[in-house]
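Colleague: This is the structure alone, sequence omitted:
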Ligand code: DCT
Ligand code: MG
């Protein structure tokens, strides 16, 4: 009861000492709607007595950088967007609290602008520039529109320019034709804009794994993306599915999709067949997406499959929720590179590729790692490397199940 005014949702964690993940109402911050409370009685007392809960300044600064990065992304200004993304990543990686600017001396990727925002927040607890962006109508509208699955910055901008400001404006506008992805995005908005918990990711892992093994006994599904990096919550669940049988991977994915359909849990599917052509490697131009067969799904997850229940809102009696799931299916000899690429984070992948290129004179992407200083015969080397990684990963996945 004490928590209900400020907290929308409480997820108990089965651990010793007990802790809580709480969702804070309307705090307006991207990284802070969720808070990990270790000392429950202290937190409850603060709420009861109306005492403010101290927030880690590092998170405030990180949040400010992310708002600025997004602002530049919406305005298609790449330089400052990337600079603020990098600065946010650096802060995220710190194991200590930032209390004064001097302590950040020597940290990489913190330029003059990042430092001035940081200084303002350290002095006053807020940033004038960030607050101005947060209250800007265009930013708020683009942020809202791009939160829908299938709506990117370009579509959001187009709708904004036509004077649309809310979901009901869009849905009531007869001249707007939503594509299939956007229709599903609106239909399942409440579910897919709510975070997916680790227990839910585990349950989906079992569903995908069962489907793979029913199709081919030596196939496997590996959890990747944010959950592989240890995150407790994510916006979707990412898996790599593959089989040691060369050339079977493309059909494996369509078979899994068919199985999910048969189970009655496939709510949306966008399947993209493989365009991977080994003879075109290495690729010298940067591509955001790899060429492997993949699909972007929305699945129905039943409460009975999730240990400890679903991450759903109070009063929801459906007994299920919709969850976004991505599957990618590379040929087995490309498994290691795919695993590395899909584990993320995006920023880490970007920096890793940059490091390979400029520090090691190598080309890295989700398909391969090429050493530019050696002759082409060496292109066979990755195959040996990956077979080992595949074996290790498959064994680990067996162990985890045990
Ligand atoms: N990825 C990438 N470049 C992209 C998109 C994705 O390198 N343009 C990689 C990095 C992460 C992985 O694919 C999965 O992507 P997301 O699901 O978007 O990210 P995530 O880290 O899993 O985070 P979230 O918890 O939000 O799902
Ligand atoms: Mg993910």
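Modeller: All right, it came through fine. Keep in mind it's a predicted model, so treat the numbers as computed, not measured. Ligands and ions are numbered 1, 2, ... in the order given.

Colleague: Okay, helices next: where are they in the stretch 151-300 of the chain?
Modeller: 153-161, 167-172, 180-187, 189-192, 198-215, 225-228, 249-262 (DSSP state H, counting those that start in this stretch).

Colleague: So for ligand 1, which of those sits nearest?
Modeller: Proximity to ligand 1 (C-beta to the nearest ligand atom) singles out helix 225-228 among those, at 2.8 Å. Using the backbone N, CA and C atoms, a C-beta is placed for each residue, glycine as well.

Colleague: Now do that closest one, average pLDDT.
Modeller: Computed over helix 225-228, the mean pLDDT rounds to 96.

Colleague: picking that back up, may I see the helices of the stretch 151-300 of the chain organised as JSON lines, with mean neighbour count and distance to residue 124 added?
Modeller: Listed next are the helices of the stretch 151-300 of the chain as JSON lines, based on neighbours: other C-beta atoms under 10 Å; distance: least, C-beta to C-beta, whole Å:
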{"stretch": "helix 153-161", "mean neighbour count": "16", "distance to residue 124": "31"}
{"stretch": "helix 167-172", "mean neighbour count": "13", "distance to residue 124": "35"}
{"stretch": "helix 180-187", "mean neighbour count": "17", "distance to residue 124": "38"}
{"stretch": "helix 189-192", "mean neighbour count": "18", "distance to residue 124": "36"}
{"stretch": "helix 198-215", "mean neighbour count": "20", "distance to residue 124": "36"}
{"stretch": "helix 225-228", "mean neighbour count": "21", "distance to residue 124": "32"}
{"stretch": "helix 249-262", "mean neighbour count": "18", "distance to residue 124": "51"}
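
Colleague: And those: which comes nearest residue 115?
Modeller: helix 153-161 (27.5 Å; C-beta to C-beta).

Colleague: name the helices or strands packed onto that closest one?
Modeller: In terms of contacts (3 or more C-beta pairs under 8 Å, 6 or more residues apart in numbering; DSSP states H and E), helix 153-161 is packed against helix 57-74, helix 137-146.

Colleague: Could you name the stretch from these that's closest to residue 334?
Modeller: Using C-beta to C-beta, the helices and strands packed on helix 153-161 put helix 57-74 closest to residue 334, at 30.1 Å.

Colleague: and the next element down the chain from the closest one?
Modeller: Downstream of helix 57-74, the next assigned helix or strand under DSSP states H and E is helix 78-93.

Colleague: and that next one, is it in reach of ligand 1?
Modeller: No - counting by C-beta under 6 Å from any ligand atom, ligand 1 is not contacted by helix 78-93; separation bottoms out at 11.9 Å.

Colleague: That helix - contacts with which helices or strands?
Modeller: Partner elements for helix 78-93 (3+ C-beta pairs under 8 Å, 6+ apart): helix 57-74, helix 112-124, helix 346-360.

Colleague: Please identify the buried residues of that helix?
Modeller: 80, 81, 82, 83, 84, 85, 86, 87, 88, 89, 90, 91 (16 or more other C-beta atoms under 10 Å).

Colleague: Let me see the contact set for the closest residue in space to residue 60 that isn't next to it in sequence.
Modeller: Once flanking residues are discounted, residue 60 sits nearest to residue 121: 5.6 Å by C-beta to C-beta, 6 or more residues apart in numbering. Applying C-beta atoms under 8 Å, 6 or more residues apart in numbering, we find residue 121 in contact with 57, 60, 61, 64, 127.

Colleague: so which of those residues is the most crowded?
Modeller: Neighbour counts for the contacts of residue 121 (other C-beta atoms under 10 Å) peak at residue 64, which has 28 neighbours.

Colleague: That residue contacts residue 128, correct?
Modeller: No - counting by C-beta atoms under 8 Å, residue 64 stays clear of residue 128, with 10.6 Å between them.

Colleague: re earlier: ok, which of the helices of the stretch 151-300 of the chain comes nearest residue 237?
Modeller: Of the helices of the stretch 151-300 of the chain, nearest to residue 237 by C-beta to C-beta is helix 198-215, at 4.6 Å.

Colleague: packing partners for that closest one?
Modeller: For helix 198-215, the contact count by 3+ C-beta pairs under 8 Å, 6+ apart identifies strand 220-224, strand 237-242, helix 249-262, strand 293-302, strand 320-329 as packing neighbours.

Colleague: so can I have a markdown table of those showing distance to residue 154?
Modeller: A markdown table is the format used below for the helices and strands packed on helix 198-215 (distance: least, C-beta to C-beta, whole Å):
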| stretch | distance to residue 154 |
| --- | --- |
| strand 220-224 | 28 |
| strand 237-242 | 24 |
| helix 249-262 | 28 |
| strand 293-302 | 18 |
| strand 320-329 | 21 |
